[in-house]
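>>> Would you be able to build a 3D model of this:
(chains A and B, ligands or ions: 2)
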Amino acid sequence: MYRYDEFDHAFVAARVSQFRDQVERRLSGDISEEAFKPLRLMNGVYLQLHAYMLRVAVPYGTLNSRQMRKLGHIARIYDRGYGHFTTRQNIQFNWPALSDIPAILEELAEVEMHAIQTSGNCIRNVTADHFAGAAADEVADPRPYAEILRQWSSVHPEFSYLPRKFKIAVTAAERDRAAIQVHDIGLQLKKDAQGRLGFAVWIGGGQGRTPLLAKKIKDFLPEADLLSYVTAIMRVYNLHGRRDNKFKARIKILVHETGVEKLTQEIDAEWAQLKDGALKLPEADVAAINAYFAPPELAPRAEGWGELAAWQKSDSGFASWVGRNVAPHRHPDYAMVTISLKPIGGIPGDASADQMDAVARLAQEFGHDQIRVTHEQNLVLPHVALADLEPLYRALLTDGLATANAGLITDIIACPGLDYCALANARSIPVAQEISNRFADPARQADIGDLKIKISGCINACGHHHVGHIGILGVEKKGEELYQISLGGSGDENASIGQITGRGFGPDQITDAIETIVATYLANRTGADEPFIDCYRRIGADPFKAALYGSEAQAA
Amino acid sequence: MTTASFKTKVLTANRLTDGISVWLGANGEWVFSLKDAFLARHDEAVAALTAAGDQAQADNRVVDVSVIEIEETPCGPRPYRLRERIRADGPTIAYAPAAAARASEAA
Ligand code: HEM
Ligand code: SF4
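Ligands and ions are numbered 1, 2, ... in the order given. Down below sits the predicted model:
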């Protein structure tokens, strides 16, 4: 398992004490908000509607139980008893007092966590497939490369003041669970014909007000060239990315305006200078970092096969939970378990301090001490023996963590929206809650099948609405909340940006509109084996528009 | 004087130490409830609010100071914008399951 190195320890400790000093000076009035704001943002501290918010980085979504317990402790002692897991695999605390934040950061440092580079125009937390290191379908664990990128990008002097924030995602399977095509750089770890590791490199994806899918600029970048090539991309972006207009400053705009061919030529020219220099990754270094991520010793537990079948037969609740929330592991006697943070009618991504403690305890007992945060705002125990699934399920049930809805219509992504966020135009959470309640019936959910609803409270798209099969965007019109629907988005290997259906719906109409869309899908699908997104791609938007807007749509 | 088009205003901000929403009260102190806010019913009063806000910001007691428009209702002041209503009333959702559960256990 990865451990902080000496540098990280010393650096984080210095940063915490520096921030403690800055907070003290701010509270005593020695520095103005104008001077302080950039300093607090550098340490993950935002101001929301009702309080400060602290965003804590969870590098590539990986936590151990000690860290999870610490997050629960922070929620309990310094916050209001809960935290919010985000689409960037981070956690946000919604109520910390500014005066407590240095103490929180000290506590986090005890478990090798921090809030550095969770804000600002730097390279942000590198995200990865939440099944990394366990998935049956990956070529290798992508996290060592995410870690190499993290170390390289941490307080990188050249890349700390980029034109805009910069997000990198890494996956290592054909099935993209890290949404790499909507990141500034997306990396897919793969093997060439000789079995050597390397990356397909994508650039210029992003959401926000101008959603664009990334373009693939390299089909196979040898592993050793990772840092030199990424540096070349960063340099070209740093030089040419627009600093005159915040809305045009992301690399996606540069790719769009310059054209991917021309930009690739510039990147290659820059790379030629760097390729054989100091940034070449030595095999020994890669091996050393890989060793941090060595998988746990998984003893054979073949008895699980028979037990699992028997339990499934005797308990239908358990059986449907296994059907939805348990995925195949590399090791045949083990499985990857998704812990849903989407209870029916609940707040997507929120976990109470007690639930965090419970997950920490269960990870120790059944999960080799490993926990992952998913970009879909759930948690994962990546290494659970089939033989332990039943007791794990029982324990999750008592803590309200056994909702069997991974990937279903109630597994909704929602940003904090106007209930918390100072940038929001409309609420997201109550919309998610109402949809969840409306579709609560497990049989109905199962019948509808895979369907991803994603909700953002403004065009910044923190709730990934552009890549929702059904995306919902909150806007403000004449002082009222209004929700625009888009259909056909997807954040996986067949990524697509959703298309807006037409005029928006008020808060009291939006759930009915979702019903209408679902009914249209059910009426048009070829069968239960044609999921929503496939059906939409086959029949197009028109039947949905006709159902939503009736004759209005035909007139338009 | 109040004219037909004039909308009553209050001064709001977030407290420096913890970011909690506050409103300027009639006694010149920051209060935690919009109900207790000083209502500026004419331009001179609004000017006084703005001046008080600038001063408080300069004194480093609050951040994000702004003058907002409210409607005077029998139940007290009601901001026109939903954003400000949510700032006044808190999140519209039952957001703290653990705290709520503990409170009911303690009771
Ligand atoms: C107070 C809280 C937040 C603020 C102020 C904020 C601000 C922003 C802004 C301004 C953007 C647009 C950036 C751009 O287009 O260049 C953005 C994008 C994004 N944020 Fe947030 N955000 C907040 C909370 C969150 C939360 C809770 C999540 C996860 C649930 C999140 C995840 C994202 C993601 C995934 C994007 C899209 C990345 C992209 O632009 O391609 N943010 N955020
Ligand atoms: S999408 Fe908008 S409303 Fe939602 S968290 Fe992001 S900035 Fe706030």
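
>>> Bridge partners for the closest residue to chain B within the stretch 301-450 of chain A, pull those for me.
Taking Cβ to the nearest Cβ, chain B has its nearest neighbour within the stretch 301-450 of chain A at residue A:352, 3.4 Å off. For the C-beta atoms, the positions are set from N, CA and C on the backbone; glycine is no exception. On the basis of DSSP bridges, residue A:352 is bridged to residue A:82.

>>> How about residue A:53?
Applying DSSP bridges, one finds that residue A:53 bridges with residue A:46.

>>> how about it, what does it touch?
Counting by Cβ atoms under 8 Å, 6 or more residues apart in numbering or on different chains, residue A:53 touches A:45, A:46, A:47, A:92, A:93, A:94, A:96, A:420.

>>> For the chain, give me the ranges with low pLDDT.
Unless you meant another one, I'm taking chain A. Within chain A, the ranges that satisfy pLDDT under 70 run A:1-7, A:551-556.

>>> Chain B was what I was after
Where chain B drops to pLDDT under 70, the residues are B:1-4, B:97-107.

>>> for it, which strand is longest?
Secondary structure of chain B per DSSP state E: the longest strand is strand B:62-73.

>>> Same question for stretch A:109-126: list its buried residues.
Within stretch A:109-126, the residues that qualify as buried are A:109, A:111-126, counting by 16 or more other Cβ atoms under 10 Å in any protein chain shown.

>>> can you check stretch B:22-37 too?
B:22, B:23, B:24, B:25, B:30, B:34, B:36, B:37.

>>> Check the separation of the first and last residues in it.
End-to-end distance of stretch B:22-37 (Cα to Cα, to the nearest Å): 9 Å.

>>> residue contacts, whichever residue of the stretch 1-150 of chain A sits closest to ligand 1?
Using Cβ to the nearest ligand atom, the closest approach of the stretch 1-150 of chain A to ligand 1 is made by residue A:86 at 3.1 Å. By Cβ under 8 Å, 6+ apart, the contact set of residue A:86 is A:55, A:92, A:349, A:377, A:462.

>>> out of those residues, who's near ligand 1?
Checking these against ligand 1 by Cβ under 6 Å from any ligand atom, the ones in range are A:92, A:462.

>>> Tabulate the contacts of residue A:86 (CSV), appending distance to residue B:82 and neighbour count.
Formatted as CSV, these follow (distance: Cβ to Cβ, whole Å; neighbours: other Cβ atoms under 10 Å in any protein chain shown):
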residue, distance to residue B:82, neighbour count
A:55, 25, 21
A:92, 22, 24
A:349, 22, 28
A:377, 24, 27
A:462, 19, 24
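
>>> can you tell me which of the contacts of residue A:86 are in helices?
Within the contacts of residue A:86, no residue falls in helices by DSSP state H.

>>> Max pairwise distance over the contacts of residue A:86: which two?
The largest distance within these, taken as Cβ to Cβ, falls between A:55 and A:377 and amounts to 14.2 Å.

>>> and residue B:52, how many neighbours does it have?
Residue B:52 has 16 neighbours, counted by other Cβ atoms under 10 Å in any protein chain shown.

>>> From residue A:99, how far out is the residue nearest in space to the middle of chain B?
Centroid check for chain B by Cα atoms, centre = their mean gives residue B:23 as the closest residue, at 3.5 Å. Note on residue B:23: its distance to residue A:99, by Cβ to Cβ, to the nearest Å, is 21 Å.

>>> how about whichever strand or helix holds residue A:38, does it reach chain B?
According to DSSP states H and E, residue A:38 maps onto helix A:33-42. Yes: Helix A:33-42 is in contact with chain B by Cβ under 8 Å from any Cβ of the partner chain, via residue A:33.

>>> residues of that helix that come out buried?
Applying 16+ other Cβ under 10 Å to helix A:33-42 flags A:33, A:36, A:37, A:39, A:40, A:41, A:42 as buried.

>>> now do stretch A:58-76
For stretch A:58-76, by 16+ other Cβ under 10 Å, it's A:58-65, A:67-76.

>>> Do it and ligand 1 come into contact?
No: judged by Cβ under 6 Å from any ligand atom, stretch A:58-76 and ligand 1 are separated, with a smallest distance of 11.9 Å.

>>> That stretch vs chain B: in contact?
Yes: looking at stretch A:58-76 against chain B by Cβ under 8 Å from any Cβ, the contacts come from A:75, A:76.

>>> gap between that stretch and the chain center?
16 Å (Cα atoms, centre = their mean, to the nearest Å).

>>> List, one by one, the residues from chain B near chain A.
Counting by Cβ under 8 Å from any Cβ, chain B sits next to chain A at B:14, B:16-21, B:57, B:59-60, B:63-64, B:80-83, B:86-87, B:90-93, B:95-99, B:101-102.

>>> Just the buried ones from those residues, in PyMOL syntax?
Here is the PyMOL command that selects the buried residues among those (16+ other Cβ under 10 Å):
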select buried, chain B and resi 14+16+17+19+20+21+57+60+63+82+83+86+87+91+93+95+96+97+98+99+102
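
>>> Redo the contacts of residue A:86 as a markdown table? Include distance to residue A:542.
Converted to a markdown table, these look like this (distance: Cβ to Cβ, whole Å):
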| residue | distance to residue A:542 |
| --- | --- |
| A:55 | 41 |
| A:92 | 39 |
| A:349 | 34 |
| A:377 | 32 |
| A:462 | 30 |
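
>>> Could you tell me which of the contacts of residue A:86 are located in strands?
Those of the contacts of residue A:86 lying in strands (DSSP E): A:55, A:92.

>>> The stretch 101-250 of chain A: helices as residue ranges?
Along the stretch 101-250 of chain A, the segments classed as helices by DSSP state H, counting those that start in this stretch run A:101-110, A:143-153, A:226-240.

>>> Spell out which residues sit in contact with residue 61, please.
In the absence of a named chain, this looks at chain A. The contact partners of residue A:61, taken as Cβ under 8 Å, 6+ apart, are A:89, A:127, A:128, A:130, A:372, A:373, A:374, A:375.

>>> not quite, I wanted chain B
Counting by Cβ under 8 Å, 6+ apart, residue B:61 touches B:15, B:16, B:30.

>>> a markdown table please, covering those residues and showing distance to residue A:286 and secondary structure.
Below are these laid out as a markdown table (distance: Cβ to Cβ, whole Å; DSSP: H, G, I helix; E, B strand; the rest coil):
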| residue | distance to residue A:286 | secondary structure |
| --- | --- | --- |
| B:15 | 49 | strand |
| B:16 | 47 | coil |
| B:30 | 56 | strand |
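
>>> Between these, which sits nearest chain A?
Of all the contacts of residue B:61, chain A sits closest to residue B:16, with 6.8 Å by Cβ to the nearest Cβ.

>>> surely residue B:53 meets residue B:67?
Yes: contact criterion Cβ atoms under 8 Å: residue B:53 and residue B:67 qualify, at 7.1 Å.

>>> which residues are in contact with both of these two?
Common contact partners of residue B:53 and residue B:67 (Cβ under 8 Å, 6+ apart): residue B:11.

>>> just to revisit the earlier point, would you turn the contacts of residue B:61 into JSON lines with distance to residue A:222?
Shown next, in JSON lines, are these (distance: Cβ to Cβ, whole Å):
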{"residue": "B:15", "distance to residue A:222": "54"}
{"residue": "B:16", "distance to residue A:222": "52"}
{"residue": "B:30", "distance to residue A:222": "60"}
